[in-house]
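**Q** Have a look at this fold, sequence not included:
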């Protein structure tokens, strides 16, 4: 990563952590140049990144100041997960979430659904439609098991932005990131193996571990910097861990971007203990900072990182097109992909290839990043307004998910049941833990453009929480 | 099944087996009515079925005669597979087959690709194209995990033809039959479990077993009547078999339809030894006989049969839409489906639902059945003309696959290598065995309408076989 991005990240995390407070004057360009041994123009570039992110603002002739941001709720506490591998439970609650059909009269704040209404998606719809017009379209045939080559070439090109130098031959197209994760786990692990996971952690990935009969070891995770390397090192010393599975960029559900130095340190740990890393980067292109954060994969030298991603969050989940860059495990992952589903449907692959080749991907993602950053701020405002005092919330640096922590002892399962007749659904916190912790937490989707309907849904959730609190008192 | 279908099946198998010879006079309607205790009209209906299948022809005032059919090659020998469970090998050869991209300058006689050029598919293309025209199409969203309800309702209706009385709630939509098989196996079995399979057996289903670390016990299988019940019973007595996995209708690769009485007997065996049955019916709607044969599932009373199928052979494989009716294992299969891929892409599901609701499915399948039956006869003719004397071949009763057996000691792996530069690919026999048997056999696709190109490809295969034989001599 270039120097100015490093510096911007450092300053940004100091602002986010409250080291510099809103309105504070930031160090001068000259002072930073001396302190970090970089050129003046590097510091200026770093400040421009902070400006773009709304973290700092210049005052003419006085230098840079921390933006007087809106008040933000306190951060969620760092989880202190049980320090032993456990069987994964919570399937019933996951099922409750995913068995709901879309477009019903329910505001689904629980699902990982992006906004698919942007006009920048129109060329994709055109491509899908045009492909089907001719019966000789290759979309009707079995494709080669690796996936459509044209698409793999485009994915390899896009991955350059995250620092990865890969070719089409290093990639396998899958049925969404879900299959990428599942095939990766099945390629590496055997039943009973132990996998270290960030905590809270994406429930889909954990259910995949459950399906292979693996045990999860939840590692405490900081809501700003990610998985605790200290706790992870202890765990690696104590347990025969096979894989580390995590989402370092725009984490689901916490929204943080793991700092680059910590990504490198994590890889070093993995090398020292000779374990593989399954890296979920599905939200990586939606980081609010530009350029987008690097992947752990981009530092990988011996092919131990299996990078999993998809177009489900950037374009549309219904296309079910993801990919995996499995490094040294390519042959095993290919076998597992074949065993699970055979080849992947070619029509959506061809349409996405057309879309990217036509230059439509970057402008679309740029627009969505800006939209999501704005609706994040709006959602946090609403949560502060409508939720009980003392509610904590994450500070997402990308994606469209907010993690909300309510008072200890509060039960979001009860909340979701109470919301049943009220047309709102949230994702209960317990599904983000292998052992059903985080019962007082929940995840909320802020992808859609702020609207009366959504504000109303958030208000209903807040009122229902208050109601349940009153019943308990 | 109705009486006349039973009778037609009995007479048909006597003709196919050579009990009645071409040109022979068949028993009179009256005689059959007395012999089987059925009405005259039942016998007449049975004869009409035989007529439709081209097996018998009426002569005015003289009754029915066996059609003077073309000469047919001898049937393949019944395999005598090793009578112990083995680990499944042959992945490398399977990979050779599936890594080939479609539409290259190769006549792919090896793949399980149907003919997708029929004009009866046009309404499907229209539906696919129209769905994508509007950006609010549900195809962009995550669907409910069971699959699009409208499609499941239509599948339930279609399955009535195979004797199954199911509702939408009994079905899970999958990424092709491949995922249906894979999720079924993973729902029931643990690594090391033993699965009894027909032999030869579909390689994709066997690789799925391999992926879960299971062992396959290959049961000898008759090229006309299917898996040997006697051998299966012995195996069930001797080994702790967990599941029987087979393709009783239009078997892949042998093409037989297992007689109804044997299907019932197999189910009784499964009940006696309390094992589950994974029934692959992916070619069932393409049986040349009308009405289509019943599934084992249709006799199932205690939910032990997991019926797996798809639209890959009837419509187009690139759509990747299949389904499973998992009986008592529904919850486990749903979990495994979620773990493998999450939900299934909605756009092709919606398009297929439109196609079936519009009344387009039945005429399409009827047309394809007739076409495939004709091209079967043509392919058998070509094999007899261009292949060495003594070549044996199956007599498919449905689908579009021919199983060809060459002289003992012949190696089709060598043949495929020799064909590499010649623009033809066949499926080598060894991938249809868990332990790499059937090396002197191969499977050939006859889905496409007979053409000069295909005749030429068959001729090239025949000449290459002769060449290799000459080198060995």
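**A** Received the coordinates, thanks. Remember, predicted model here, so these are calculated numbers, not experimental data.

**Q** mind checking how far stretch A:300-309 is from the chain centre?
**A** Taking CA atoms, centre = their mean, to the nearest Å, one finds stretch A:300-309 lying 17 Å from the centre of the chain it belongs to.

**Q** Oops, could you answer that again for stretch A:79-90 instead?
**A** With CA atoms, centre = their mean, you get 21 Å for stretch A:79-90.

**Q** which residues are contacting it?
**A** In this structure, residues lying in contact with stretch A:79-90 by CB atoms under 8 Å, 6 or more residues apart in numbering or on different chains are A:194, A:199-200, A:203, A:206-207, A:209-210, A:214-221, A:231, A:234-235, A:238-239, A:430-431, A:433-438. Where C-beta positions appear, they are placed from N, C-alpha and C, glycine not excepted.

**Q** For chain A, identify the residue most remote from the centre.
**A** residue A:61 (39.0 Å; CA atoms, centre = their mean).

**Q** With chain B as the reference, measure out to it.
**A** Here the distance between residue A:61 and chain B works out to 48 Å (CB to the nearest CB, to the nearest Å).

**Q** Quick one: mean pLDDT for the helix ranked longest in chain A?
**A** As assigned by DSSP state H, the longest helix anywhere in chain A is helix A:361-386. Average pLDDT, helix A:361-386: 95.

**Q** just stretch A:327-340 next, same as before
**A** Here the average pLDDT along stretch A:327-340 is 95.

**Q** Report the buried residues of it.
**A** A:327, A:329-330, A:332-340 (16 or more other CB atoms under 10 Å in any protein chain shown).

**Q** do the same with stretch A:215-227
**A** Applying 16+ other CB under 10 Å to stretch A:215-227 flags A:215-227 as buried.

**Q** likewise stretch A:431-447?
**A** A:431-447.

**Q** Filter those residues down to the ones in strands?
**A** Residues of the buried residues of stretch A:431-447 located in strands (DSSP state E): A:441-445.

**Q** so how many other residues sit close to residue A:196?
**A** 25 (other CB atoms under 10 Å in any protein chain shown).

**Q** before we move on, the earlier item: now, which of the buried residues of stretch A:327-340 sits nearest residue B:255?
**A** Top of the list for closeness to residue B:255, among the buried residues of stretch A:327-340 and by CB to CB, is residue A:338 at 24.3 Å.

**Q** right, is the helix or strand harbouring residue A:221 up against chain B?
**A** Applying DSSP states H and E as the criterion places residue A:221 in strand A:215-222. No: Strand A:215-222 lies out of reach of chain B by CB under 8 Å from any CB of the partner chain, never closer than 13.9 Å.

**Q** show me where pLDDT drops low in the stretch 101-250 of chain A?
**A** For the stretch 101-250 of chain A, applying pLDDT under 70 flags the ranges A:101-104.

**Q** Do a quick rundown of the strands in it.
**A** Ranges of strands within the stretch 101-250 of chain A are A:107-108, A:172-174, A:194-199, A:215-222, A:226-227, A:241-246, based on DSSP state E, counting those that start in this stretch.

**Q** tell me the pLDDT at the closest residue to residue A:162 other than its chain neighbours?
**A** Nearest non-adjacent residue to residue A:162, counting by CB to CB, 6 or more residues apart in numbering or on different chains: residue A:295, 4.5 Å away. pLDDT recorded at residue A:295 is 98.

**Q** Count the residues that sit near residue A:295.
**A** Count around residue A:295 with other CB under 10 Å applied: 24.

**Q** Thought residue A:279 was touching it, still the case?
**A** Yes: using CB atoms under 8 Å, residue A:295 is in contact with residue A:279, at 6.0 Å.

**Q** Mind listing the shared neighbours of the two?
**A** Counting by CB under 8 Å, 6+ apart, the residues touching both residue A:295 and residue A:279 are A:248, A:305, A:307.

**Q** Contact residues of the stretch 301-450 of chain A facing chain B?
**A** So the stretch 301-450 of chain A meets chain B at A:316-320, A:334-336, A:338-348 (CB under 8 Å from any CB).

**Q** same thing but 6 Å
**A** Within reach of chain B by CB under 6 Å from any CB of the partner chain, the stretch 301-450 of chain A has these residues: A:316-318, A:320, A:339-342, A:345-346.

**Q** Good, wrapping up.
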